[in-house]
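J.: just to be clear, the model below is a prediction. Sequence and coordinates:
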Amino acid sequence: MTQGVLLFAFNNEQIDYLAMAAWSARNIRRHLNLPTCVVTNVVDIPGTYQFDQVATVDLPPTEQTKYFKDYKSVAAWHNKNRSNAYELSPWDHTLVLDVDFVVASDQLKQLFNIDQDFLAHRWAYDIAGHQAFQDNNWFGTYRMPMSWATIMCFRRSKKAELIFNTMQMIRDNWTHYRQLYQVSEHTFRNDYALSIAMNVVDGHTLSTPSIPWQLASVTPETKLTQVDPDTYKIEYESSDSKPKWLLLKQDFHAMGKRALGEIVANPC
Amino acid sequence: MPILAERGYLIPAIDTESVDYLACAIQLAESIRQWHPDANISAITVKRCDNPVFDHVIPLPHGDLGGFANDWQCFEASPYRQTIKLEADMIATSPIDHWWTLFEKRDVVISQGCKGIFNEPSNNRTYRRLFDSNALPDVYNAVTYWRLSLTAKNFFELVKNIFANWDRFKTILKFPDELPTTDVVYAVATIIMGVETVTLPPGIGPMITHMKPGIIPSVTNDWTNEFVWENTSPGLRVQTVAQSGLFHYHVKDWRAL
């Protein structure tokens, strides 16, 4: 069974997602020893970027914007074709990773040993320990449980195909689903579409198996720097307003794109 | 009451001024029959009822003593050797007959805890402050099993005693209610009988879905006008999520079937 990692990279005026994807591909090769395929609209990929495959696609048709906290500004957010991962993946068993997910260990390899057609995270947590982050594990006024699309591991199977098809249906009818789940934001998020799709495909029972550990997250409010190739430092203010820092030697979701962009531009 | 069957569901349905509990009980019985057409189901009521959804309609053995104080009469009134007593204002949203297997080795089982619409145990304690203040077990009389046994007899005699002597029992509680509620009386009786005697370990056994604000994420008091709910006949979805077990709808005049 062929295996690999699929990355989506559509640059906007502020963030060079393709550079992040190339940086991530190097980490993936070092730690997971898996091939990578980048899905992008960039035609001239720089020669230093080492992807095993490139799927060149058009920019997702509907453009939406997102407020990036760390940039303190609004920018385009081309996120509407993540649900095409099923058609775009060249492998039997695929890991779809956000390019801002930092691979610093071989932990993700475990996902290929789990006998499930589709896996994603149910729970995310803030490494800095801020409890308010927990609210991100639900969405909408009525607090529908969230499934995170940051990492999706799927086998070529009917179930995975159904989940991605359902995500597309939700994306194409977002106004309806937004009203149904009372989501206040206008912005479409793949996390929402995945959460709703998994519930639909599993017979509305919320019983979908999930990745058996939580998604470690570093928020945009936390200062992130790289110490060595697989060690990162976070500096933050604790809940009781004391300055704190931690060294991370683990995988994590870097939610602040500016800090990650600086690491990618000047890697150790 | 003579024993007429080995196992059956018993639904007390004594109307109050504001609530037609018999109508609630009929809806509950119909929902159980959707899953278990051959189930034995009886109602206890003071009204005349010819609805064939019930196998038996039983009067209160000692008459209507008012409010919650009728509860202890269910033990005497039940026509079953093994009884699952269900509060009337609920519906069965999934099969429930596996509970018999879960309960059958015990004399009395009172359900513990409640959950929200996403099937997650509730940690909202708004309605359970009296329980927490007094370290009472988190029992819900909404689902209570017993088999004819000395333990069950003692339990319901104790319940009767606590209701009858609430003025004295309430002095041992912090912040007691002026009038006793069945859940609090059951909790006190549970402490006296021994928690292990009349409950299963926490997390095992039925847990009702409780539709009170705070437990569910509704903005208003009336979730029926706020949430999208679908009768899937049999079954119920709320905000697209399939419900399981018994669904305590709180808005007493809600009719789903």
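T.: Okay, I see it. Numbering: from 1, shown residues only, chains lettered A, B, ... in the order given.
J.: go ahead and flag the most central residue of chain A.
T.: Nearest to the mean C-alpha position of chain A, by C-alpha atoms, centre = their mean, lies A:Thr150 at 2.4 Å.
J.: ok, now how distant is it from chain B?
T.: 21 Å (C-beta to the nearest C-beta, to the nearest Å). In this view, the C-beta of every residue, glycine as well, is placed from N, C-alpha and C.
J.: the host helix or strand of that residue packs against which elements?
T.: Secondary structure assignment for A:Thr150, by DSSP states H and E: strand A:148-155. Secondary-structure packing of strand A:148-155 (3 or more C-beta pairs under 8 Å, 6 or more residues apart in numbering or on different chains; DSSP states H and E): helix A:85-88, strand A:93-97, strand A:118-121, helix A:158-172, helix A:190-201, strand A:215-218.
J.: show me what from the stretch 51-200 of chain B comes close to chain A.
T.: B:Ile117, B:Phe118, B:Asn119, B:Glu120 (C-beta under 8 Å from any C-beta of the partner chain).
J.: let's see the ChimeraX selection covering just the buried ones among those.
T.: In ChimeraX, this line selects whichever of those come out buried by 16 or more other C-beta atoms under 10 Å in any protein chain shown:
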select /B:117,118,119
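J.: make CSV from the residues of the stretch 51-200 of chain B next to chain A and add secondary structure to it.
T.: Below are those laid out as CSV (DSSP: H, G, I helix; E, B strand; the rest coil):
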residue, secondary structure
B:Ile117, coil
B:Phe118, coil
B:Asn119, coil
B:Glu120, coil
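J.: ok, which pair from the residues of the stretch 51-200 of chain B next to chain A is furthest apart?
T.: Spatially, the most separated pair among those is B:Ile117 and B:Glu120, at 8.7 Å (C-beta to C-beta).
J.: quick one: contacts of stretch B:15-27?
T.: Stretch B:15-27 is contacted from outside by B:11-14, B:43, B:45-47, B:49, B:51, B:53-54, B:67, B:88-91, B:252-253, B:255-257, using C-beta atoms under 8 Å, 6 or more residues apart in numbering or on different chains.
J.: right, I mislabeled it, should have said stretch B:44-63
T.: Contacts for stretch B:44-63 (C-beta under 8 Å, 6+ apart): B:1, B:4-5, B:8, B:10-15, B:21-22, B:25-26, B:29-30, B:33, B:40-43, B:64, B:70, B:73-74, B:76-77, B:79.
J.: list only buried entries from the residues you listed.
T.: B:5, B:8, B:10-15, B:21-22, B:25-26, B:29-30, B:33, B:40-43, B:70, B:73-74, B:77, B:79.
J.: in strands, which of these appear?
T.: B:Ala5, B:Gly8, B:Leu10, B:Ile11, B:Pro12, B:Ile41, B:Ser42, B:Ala43 (DSSP state E).
J.: leaving out the residues flanking it, which one is nearest to the fourth one?
T.: When the adjacent residues along the chain are set aside, B:Ile11 lies closest to B:Ala25, with 4.3 Å between them (C-beta to C-beta, 6 or more residues apart in numbering or on different chains).
J.: find me the pLDDT at the one you found, would you?
T.: In this model, B:Ala25 is scored at 98, pLDDT.
J.: low-scoring pLDDT stretches of chain A, where are they?
T.: A:62-63 (pLDDT under 70).
J.: show me which residues of it sit near chain B.
T.: Where chain A comes near chain B, counting by C-beta under 8 Å from any C-beta, the residues are A:141-145, A:180-181, A:196, A:199-200, A:203-206.
J.: among these, which ones are buried?
T.: For the residues of chain A next to chain B, buried by 16+ other C-beta under 10 Å: A:Tyr142, A:Arg143, A:Met144, A:Pro145, A:Leu180, A:Tyr181, A:Ile196, A:Asn199, A:Val200, A:His204, A:Leu206.
J.: can you list the residues you listed in JSON lines and add secondary structure?
T.: JSON lines is the format used below for those (three-state DSSP):
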{"residue": "A:Tyr142", "secondary structure": "coil"}
{"residue": "A:Arg143", "secondary structure": "coil"}
{"residue": "A:Met144", "secondary structure": "strand"}
{"residue": "A:Pro145", "secondary structure": "strand"}
{"residue": "A:Leu180", "secondary structure": "helix"}
{"residue": "A:Tyr181", "secondary structure": "coil"}
{"residue": "A:Ile196", "secondary structure": "helix"}
{"residue": "A:Asn199", "secondary structure": "helix"}
{"residue": "A:Val200", "secondary structure": "helix"}
{"residue": "A:His204", "secondary structure": "coil"}
{"residue": "A:Leu206", "secondary structure": "coil"}
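J.: pick out the most distant pair among those.
T.: Spatially, the most separated pair among those is A:Arg143 and A:Val200, at 17.9 Å (C-beta to C-beta).
J.: for stretch A:212-219, buried residues please.
T.: Buried residues in stretch A:212-219 (16+ other C-beta under 10 Å): A:Leu215, A:Ala216, A:Ser217, A:Val218, A:Thr219.
J.: so what's A:Leu224 bridging to?
T.: Beta-bridge pairing of A:Leu224 under DSSP bridges involves A:Ile234.
J.: the residue of the stretch 151-268 of chain A found nearest chain B: what's it in contact with?
T.: In the stretch 151-268 of chain A, no residue comes nearer to chain B than A:His204, which is 4.3 Å away by C-beta to the nearest C-beta. Contacts for A:His204 were tallied using C-beta under 8 Å, 6+ apart; they are B:Arg237, B:Thr240, B:Val241, B:Ala242.
J.: any regions of the stretch 51-200 of chain B where pLDDT drops low?
T.: For the stretch 51-200 of chain B, no stretch has pLDDT under 70.
J.: residues near residue 96, how many?
T.: Reading this off chain A. A:Val96 is flanked by 25 other residues according to other C-beta atoms under 10 Å in any protein chain shown.
J.: not quite, I wanted chain B
T.: Applying other C-beta under 10 Å, we find 21 residues neighbouring B:Ile96.
J.: how are the helices of the stretch 51-200 of chain B distributed by residue range?
T.: Ranges of helices within the stretch 51-200 of chain B are B:73-77, B:98-103, B:129-133, B:150-164, B:166-169, B:182-193, B:195-198, based on DSSP state H, counting those that start in this stretch.
J.: format these as CSV; extra columns: distance to B:Val139.
T.: Below are those laid out as CSV (distance: least, C-beta to C-beta, whole Å):
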stretch, distance to B:Val139
helix B:73-77, 16
helix B:98-103, 15
helix B:129-133, 8
helix B:150-164, 12
helix B:166-169, 16
helix B:182-193, 5
helix B:195-198, 8
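J.: mean neighbour count, these: which tops it?
T.: Mean neighbour count (mean count of other C-beta atoms under 10 Å in any protein chain shown) peaks for helix B:182-193 among these, with a mean of 22.
J.: CA atoms of that helix as CSV?
T.: C-alpha atoms of helix B:182-193 as CSV (Å, rounded to 0.1, in the frame of the first residue of the first chain):
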residue,chain,number,x,y,z
THR,B,182,-38.0,12.8,44.4
ASP,B,183,-34.4,13.0,43.3
VAL,B,184,-33.3,14.5,46.6
VAL,B,185,-35.4,12.0,48.5
TYR,B,186,-33.9,9.1,46.4
ALA,B,187,-30.4,10.5,47.1
VAL,B,188,-30.9,10.6,50.8
ALA,B,189,-32.3,7.1,50.7
THR,B,190,-29.4,6.0,48.6
ILE,B,191,-27.0,7.2,51.3
ILE,B,192,-28.9,5.4,54.0
MET,B,193,-29.2,2.2,52.0
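J.: which neighbouring elements make contact with that helix?
T.: When contacts are defined as 3+ C-beta pairs under 8 Å, 6+ apart, helix B:182-193 sits against strand B:108-112, helix B:129-133, strand B:139-147, helix B:150-164.
J.: I'd like these as TSV, with distance to B:Pro180 appended.
T.: TSV is the format used below for those (distance: least, C-beta to C-beta, whole Å):
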stretch	distance to B:Pro180
strand B:108-112	16
helix B:129-133	11
strand B:139-147	12
helix B:150-164	6
